[in-house]
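In: Structure for this input, please:
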Amino acid sequence: MEFIRERGVVGLAVGFILGGAISKLVASLVTDVINPIVGIFLGAAEGLTAATFSLGGAEIQWGSFVNTMIDFLIVALVVYFGVKLLKLDKLDKKN
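Out: Prediction:
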């Protein structure tokens, strides 16, 4: 039992579970709320993921890329501030 407490295995497992839940929540927020709003401003009436342009014979889906970037940035901010607010960055440090 000391190994589990000392190495933070339980905290790691909780982090993975919460990370998956936060990821789904943020993906829904970006897809259902942020994309339509940004799409209106950028002229993509169907939402941001539908924004494309053609280059030669290829269709570049830049809206989908921007969607993924927004998703990543929100997840990164939530994790960063979650760790800072809960002071989880100080748990493993020995006094």
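In: For the strand or helix carrying residue 65, buried residues please.
Out: Using DSSP states H and E, the element containing residue 65 is helix 62-85. Of all the residues in helix 62-85, those buried under the rule 16 or more other CB atoms under 10 Å are 63, 66, 67, 70, 71, 74, 75, 78. All C-beta spots, glycine's among them, are computed from the backbone N, C-alpha and C.
In: closest to residue 16 among these?
Out: The shortest approach to residue 16 among these belongs to residue 75, at 13.5 Å (CB to CB).
In: Grab the nearest non-local neighbour of that closest one.
Out: residue 26 (5.1 Å; CB to CB, 6 or more residues apart in numbering).
In: how about that neighbour, what does it touch?
Out: 71, 74, 75, 78 (CB atoms under 8 Å, 6 or more residues apart in numbering).
In: Likewise for residue 52?
Out: 59, 60, 61, 62, 63.
In: For the helix holding residue 65, give me every contacting residue.
Out: Against helix 62-85 from outside (CB under 8 Å, 6+ apart): 19, 22-23, 26-27, 29-31, 34-35, 38-39, 42, 44, 47-53, 88-89.
In: Listing request: residues of the chain with sub-threshold pLDDT.
Out: 1-8, 10, 44-47, 88-95 (pLDDT under 70).
In: Which residue would you name as the spatial centre of it?
Out: residue 75 (2.7 Å; CA atoms, centre = their mean).
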